[in-house]
Every structure is written in structure tokens, then in C-alpha cells.
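Novice: fold the following.
(one chain, ligands or ions: 2)
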Amino acid sequence: MANESVVGVIEREIKPPVKAEVITEVTTEVKGEVKLERNPEAKVEADAANSPSEYEEIHSRSPLFYDLYERKSELKKQTHYCPGCGHGVVHKLIAEALQDLGLQDKTIFVSPVGCSVFAYYYFDVGNVQVAHGRAPAAATAIKRSCPGRIVISYQGDGDLAAIGTAEIVHAANRGEKITVFFVNNGIYGMTGGQMAPTTMVGQKSTTSPWGRRPSNEGFPLHMAELLATLEAPVYIERVALSDNKNIMKARRAVRKALEIQRDGAGFSFVEILSPCPTIWGKEPVEARRWIADKMIPIFPLNVFRDHRPDALAVKEIEPPQHSVADVLGIKPLGLTAGAHDASKAKRTHHKDAKIKIAGLGGQGVLLLGQLLIEMGMREGLEVSWLPSYGPEMRSGSAHCHVCLSRERIGSPLVSHPDVLVAMNEFSLRKFAHEVVSGGVVLYNGASLPADFSAPELQVIAIPAAEIADKLGSTKAANIVMMGALLEETECLAPGTALSVLEDKVKKLDLLEIDRKALAAGRLFIDEQAHIGAVSQPDGFA
Ligand SMILES: Cc1ncc(C[n+]2csc(CCOP(=O)(O)OP(=O)(O)O)c2C)c(N)n1
Ligand code: SF4
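Specialist: Ligands and ions are numbered 1, 2, ... in the order given. Model (predicted):
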């Protein structure tokens, strides 16, 4: 890393065999002035036979970091941070703590918007990058859905104390069992030095060129103190990267915060006063001194909260837990009423499916997706449905993403569907190229457009609108397509489709049409589509 700190046990960073001077740094503070010097007393003898130089000094980096930082085209071994930036030091402290605590494989790191936006290029852990200020909200969602994970919200002062003030206050107030590392450099680093909520009175920035004036911009926010007024947080500490002594304290605070999360104790928060030499216009060493001289008096270092949850013991009423099927009043197939073990539900589908359904508003595109996920739920599958449509709704284009899966679904977004149901030509042309090679395209049309070709796909033209029209309602074209989809892919059981239709369609005459439409779609695939090659402009051979 470009900004390697010498934090940690330097001795192990001297490569034997060499005649090595063990460099232990001694920090002396004389009237606030910080001096770093080598300890001349600490020496070891080693075999210098293989070494060209007297000693070799290597600052090792934590194995928790990736070997190469892919973002850098040439400089793959250094970070994007400026020399002397505190982010590199904080990264190292976090990486070493995760490594030592054995938490690497459990960790999900939520990086913010700010100079540390690219943290995911460095940490070899689970990574998510989120919108400005939203890291505590995203971390909440991740932690609640994956309670066994270590979830880190890493944020700068602009991110946490300006645009994200609400998120951090409420996450702390709820006592989310996450860890927040708050890197306070008193400025917006990434965008060139605008005033941050933590900019000190009198401190100049591009948006406070005469210095921050309380009458105009208010006083700096003290986030650690502010959060310490809340009842829920378990651990809140402010530390500083001003000198090695304080960096060692920061190291301990980082560990402690992670241990608290590891033990499931509650919300932990470490504010780190950190140098931004570039924007402050100072040399790295001078910038560290500036933290000691100027920042610490305004942001005193302290443990503001350190208590475990038993101090908060409040008797809470546990709300009753019901399964999704129960809440929705549906009975998974193959289960007796009242039994909720969806994993034992009788599954008839052959494989998981990612489906995109596209067409015009009014063609039942979104409804078809909803019917499919309802069926999936009844078959005990994990499901998701993500609609996308313009403001005009009816007659505007609309599509939805449907996932049917035996595993938990990571994202409801379907970028590369196994199956595309294209209800019109526009959708066919727009989305067919997204379908995975060997995937299926079901097109609502008597034949494919003459110039359309997708030899790597199985494209089937189904005159669904005409079939539905003959059955009594063109609107049932989507159900014809559903029948075709079930028959072609066997992703869900037709019997499930019938029971869903019976529950959802209240008008008996419409239900009758839908039943026939479902059967007609299946029949079309059985009797006509599978006679020969289907990726021809005439729909099927
Ligand atoms: C919604 C939104 N608003 C504003 C921005 C511009 N922006 C990018 S980073 C940033 C501030 C970052 O400052 P800080 O959180 O202190 O992090 P640092 O860069 O100092 O580490 C801002 C305002 C943005 N990217 N998105
Ligand atoms: S601008 Fe400041 S915070 Fe951003 S990378 Fe450079 S030194 Fe670090």
C-alpha cells in the first residue's frame, strides 16, 4: 500500500536472514510536538550471508488484502489514496484485526461514497458499495438478513455526518449489531475540499474560504458525543491517527468494536481523526501534527460508551412468528394445512429459472410475473419479482424480472434471463440478446420478424393473442404464454398454475377463459412447437 503505516509489530516485518536492526518506533511528545525516531537499543544479530545490504526493512501487508489491486493499470500494488492519507492506515488496522480475529470469511464490508469508495478493491472480504450516506441502512439490511456475518459500515464525515446523518442516527438508535468506522478528516476529500459538518470553526475550505463561521454554517458536529446520547449503542470511542501511540489506541478500538459485533453485543462505533494531507495542503508528518494540535482539542479522544447489553435489559414482547405462506394465506403444495416446512414441499420443477417478461402496459406483463412467483411460493421456492415500467403505465413499455430458486436469491435483478417472454416485437428485439446461450425466447406472434435471428437461442413464436381472442378475450394472451412457458421449461407445475388462477381470478367467466388459455399454451408447445427447429422466422418448422 502507498500509505503503509508502521503500526503493528515491526519486528516480524524485518526479513531474516540479515543483520537486522529491529526498528521499534518511539514516540515522544514534547509540548504537543510529536517526534518519531528509531530506538537505537533494539538490535538483533542475524546471518547476513545471503543479504546484499545490511538490513532489509519490509512493511508487510495483511494477507486479508488482495495481492493485486485490479483497478490500477500499472501500479497494482498501491492504493489510490494520496501519500499520508489516513484511510490507508485505517484499512490496515481493520484488515489486521479481521485477520487476527479470524473473521475474514464472515465479513461484509460496506463502502461509502467518498475517497474510500474503492475499498472493495483492497479488502478480500464480501463487499458492497452503496449510495452516499446510506451505508448504515444497507449494513442494517445485510446484518438483519445475514445475522451471522460481521458487517462493517465504513464512512467519511461528509458521508456519515452530512448526507447520511439520518441513517447513522437511526441505525445507532435501533442498536443495529453492526460496526461503524467513521473516518473524520474534517473535510470532503474526494470532491476537492468542501466544508464538512466536522470542519472546525475558522477552518478554511473551498466553501468556507474565510473559515467556518458559526453564525453562518453552525458549529462542527461531534458525532461520537451525539450518538452517545442514545441508549442503544454498546461501544463508542474516538481515536486519532496523530502519532504512533494514538494509532496503537486506534488499533485496539478497531479490534474491540469488531469483537463486540462478533459477540453479538450490539452497535459499535469508532470515530477516527484522520489526516487528509492533500486537501489540508500539508506534508504528511505536518498533517499528523495538525491532528494533535488542532483537532484533538476540539474532538477530544475518549471512550464515550462501553457497556454490554445486559445494562439495557428491557423485557420485550416477542411478536408471534409466521411463515410467509401463512401470512399470505397460501398452502404450499404437498403439505397438510398448518404444516409450514416449505423445504419438504413437493417440487415439480426441474431447474431454477430467471425469467424476464416484457411487453406493453395492459398486456398483463407484470401480472404474469406475479402469478409465477405466487406459484413458486406454493411450490416452496424462493421467489422474487421486480417490475419496471414507465410513468405512462398503460400502453407504455413494461417488463418484470422473475426469479424462481431453490436457494436464497441474492439479487432480484435478472440481467441474463434463462427465459424471455416477449409480448411484442419491440421487447423481442430489445431483450433477446440478454438471454443466456441455449436459453428460451417465447414470442407472442404468429411468426418471428423476417430479419430476426438468434441461432444460439431456442426461439418459439406463439400466436398467443390470436389463440386468446378465439377463446373469448385477447387479454388472456399472457395466460397462453404462461401455459407455453410451463410446458417448455417445466419450471413450475401446471397444477399449481390452475390453483393460483382459481384463487386469483374472481370472475367465473374469465377464469374459464384463463383455464382454456393455459391449456392452449401448453398444447401449442406440445403439438406444434416441438415438431422441428424453432429459431426460424416462421416461428416453428
Ligand atoms: C448523492 C450524492 N451527493 C453528492 C455527491 C458528491 N460527493 C462525493 S464524495 C462526497 C463527500 C465525501 O466526503 P467524506 O465523506 O468526508 O469522505 P472523504 O472523501 O473525505 O474520505 C460528496 C459530497 C455524490 N457522489 N452523491
Ligand atoms: S483527498 Fe484526502 S482523504 Fe482523499 S485520498 Fe487524498 S488524502 Fe486521503
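
Novice: helix/strand/coil for the residue nearest the centre of the chain?
Specialist: Nearest residue to the geometric centre of the chain (CA atoms, centre = their mean): residue 128, 3.3 Å. State at residue 128, reduced to three classes by DSSP: H, G, I helix; E, B strand; the rest coil: strand.

Novice: and it, how far from ligand 1?
Specialist: Relative to ligand 1, residue 128 is positioned 16 Å away (CB to the nearest ligand atom, to the nearest Å). (Each C-beta comes from the backbone N, C-alpha and C, glycine too.)

Novice: surely that residue meets residue 107?
Specialist: No: taking contacts as CB atoms under 8 Å, residue 128 lies outside contact range of residue 107: 11.2 Å.

Novice: bridged to the residue nearest to the centre of the chain, which residues?
Specialist: residue 110 (DSSP bridges).

Novice: ok, residue 150 next?
Specialist: residue 107.

Novice: that one contacts residue 109, doesn't it?
Specialist: No: Residue 150 is not in contact with residue 109 according to CB under 8 Å; the separation is 9.0 Å.

Novice: where does the protein have low pLDDT?
Specialist: 1-58, 309-314, 330-351, 391-395, 530-541 (pLDDT under 70).

Novice: can you name the residues that contact the closest residue to ligand 1 within the stretch 301-450 of the chain?
Specialist: The stretch 301-450 of the chain approaches ligand 1 most closely through residue 301 (19.5 Å), counting by CB to the nearest ligand atom. Contacts for residue 301 (CB atoms under 8 Å, 6 or more residues apart in numbering) come out as 238-240, 246, 249, 273.

Novice: ok, now residue 65?
Specialist: 1, 91, 95, 122-124.

Novice: from these, pick the one nearest ligand 1.
Specialist: The shortest approach to ligand 1 among these belongs to residue 91, at 11.8 Å (CB to the nearest ligand atom).

Novice: ok, the closest one - contacts?
Specialist: Residue 91 touches 1, 65, 79, 119, 122-123, counting by CB under 8 Å, 6+ apart.

Novice: in contact with the closest residue to residue 306 other than its chain neighbours, which residues are there?
Specialist: Spatial nearest neighbour of residue 306, chain neighbours left out: residue 235 (5.5 Å); criterion: CB to CB, 6 or more residues apart in numbering. By CB under 8 Å, 6+ apart, the residues touching residue 235 are 256-257, 260, 265-270, 303, 305-306.

Novice: what does this structure put close to ligand 1?
Specialist: Contact residues (CB under 6 Å from any ligand atom) of the chain with ligand 1: 113-116, 132, 156-159, 163, 183, 185, 187-191, 196.

Novice: and the residue of the stretch 151-300 of the chain closest to ligand 1?
Specialist: Among all residues of the stretch 151-300 of the chain, residue 156 sits closest to ligand 1, at 2.4 Å; criterion: CB to the nearest ligand atom.

Novice: what's around the closest residue to that residue other than its chain neighbours, how many residues?
Specialist: Leaving aside its sequence neighbours, residue 156 sits nearest to residue 114 (CB to CB, 6+ apart; 3.8 Å). A total of 24 residues lie near residue 114 under the criterion other CB atoms under 10 Å.

Novice: do the one 4 residues further on as well
Specialist: The burial metric for residue 118, expressed as a neighbour count using other CB under 10 Å, is 16.

Novice: which residues does the closest residue to residue 103 other than its chain neighbours contact?
Specialist: In space, and not counting its chain neighbours, residue 103 is closest to residue 150: 5.0 Å by CB to CB, 6+ apart. Applying CB under 8 Å, 6+ apart, we find residue 150 in contact with 98, 103, 106-108, 179, 258, 261-262.

Novice: can you check residue 109 too?
Specialist: Going by CB under 8 Å, 6+ apart, residue 109 touches 119-120, 123, 125-128, 152, 154.

Novice: ok, back up a step: how close does the residue nearest to the centre of the chain sit to residue 454?
Specialist: Residue 128 is 34 Å from residue 454, where distance means CB to CB, to the nearest Å.

Novice: what of residue 246?
Specialist: Residue 246 is 63 Å from residue 454, where distance means CB to CB.

Novice: what helix or strand does residue 154 sit in?
Specialist: Residue 154 belongs to strand 150-156 when elements are defined using DSSP states H and E.

Novice: in that strand, what's buried?
Specialist: Residues of strand 150-156 classed as buried by neighbour count (16 or more other CB atoms under 10 Å): 150-156.

Novice: quickly name whichever of these is closest to residue 382.
Specialist: residue 151 (21.6 Å; CB to CB).

Novice: surely the closest one touches residue 125?
Specialist: No: assessed by CB under 8 Å, residue 151 is found out of contact with residue 125, at 10.4 Å.

Novice: residue contacts, the residue of the stretch 1-150 of the chain found nearest ligand 1?
Specialist: Relative to ligand 1, the nearest point of the stretch 1-150 of the chain is residue 114 (2.8 Å; CB to the nearest ligand atom). Neighbouring residues of residue 114 by CB under 8 Å, 6+ apart: 132, 155-156, 158-159, 188-190.

Novice: which ones among those map onto strands?
Specialist: Among those, the members falling in strands (DSSP state E) are 155-156, 188.

Novice: and ligand 2, which of those contact it?
Specialist: Okay, of those, nothing touches ligand 2 (CB under 6 Å from any ligand atom).

Novice: take those residues and write them to a markdown table, including distance to residue 327.
Specialist: Converted to a markdown table, the ones in strands among the contacts of residue 114 look like this (distance: CB to CB, whole Å):
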| residue | distance to residue 327 |
| --- | --- |
| 155 | 35 |
| 156 | 40 |
| 188 | 45 |
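
Novice: from these, which is closest to ligand 2?
Specialist: residue 156 (7.3 Å).

Novice: residue 367 and residue 503: what is the separation?
Specialist: According to CB to CB, residue 367 stands 14 Å off from residue 503.

Novice: nope, residue 91 is what I meant
Specialist: With distances taken as CB to CB, residue 91 is found 53 Å from residue 503.

Novice: tell me the strands in the stretch 251-400 of the chain, going along the chain?
Specialist: Assigned by DSSP state E, counting those that start in this stretch, the strands in the stretch 251-400 of the chain fall at 268-273, 302-306, 353-360, 382-389, 397-405.

Novice: what is the first one packed up against?
Specialist: Counting contacts by 3 or more CB pairs under 8 Å, 6 or more residues apart in numbering; DSSP states H and E, the secondary-structure elements packed against strand 268-273 are strand 179-184, helix 223-227, strand 235-240, helix 244-262.

Novice: and the helix or strand where residue 499 lies, what's buried?
Specialist: Using DSSP H and E, residue 499 sits in helix 494-504. Buried residues in helix 494-504, counted by 16+ other CB under 10 Å: 494, 496-501.

Novice: list just the nearest of these to ligand 1.
Specialist: Ranked by distance to ligand 1 (CB to the nearest ligand atom), the buried residues of helix 494-504 are led by residue 500 at 41.2 Å.

Novice: contacting residues for that closest one?
Specialist: 371, 374-375, 378.

Novice: hmm, 6 Å instead?
Specialist: By CB atoms under 6 Å, 6 or more residues apart in numbering, the contact set of residue 500 is 371, 374-375.

Novice: now the residues you listed as TSV including neighbour count?
Specialist: Shown next, in TSV, are those (neighbours: other CB atoms under 10 Å):
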residue	neighbour count
371	24
374	22
375	28
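
Novice: which ones among those lie within helices?
Specialist: Taking DSSP state H, the ones among the contacts of residue 500 that sit in helices are 371, 374-375.

Novice: quote the end-to-end distance of stretch 467-480.
Specialist: Criterion CA to CA, to the nearest Å; first-to-last residue distance in stretch 467-480 is 8 Å.

Novice: buried residues in that stretch, which are they?
Specialist: Here stretch 467-480 shows 467-468, 471, 475-480 as buried, counting by 16+ other CB under 10 Å.

Novice: cool, and stretch 157-169?
Specialist: Neighbour counts using 16+ other CB under 10 Å place 157-164, 167-169 of stretch 157-169 among the buried residues.

Novice: in these, find the pair that's most separated.
Specialist: The span of those, defined through CB to CB, is set by 158 and 169 at 15.8 Å.
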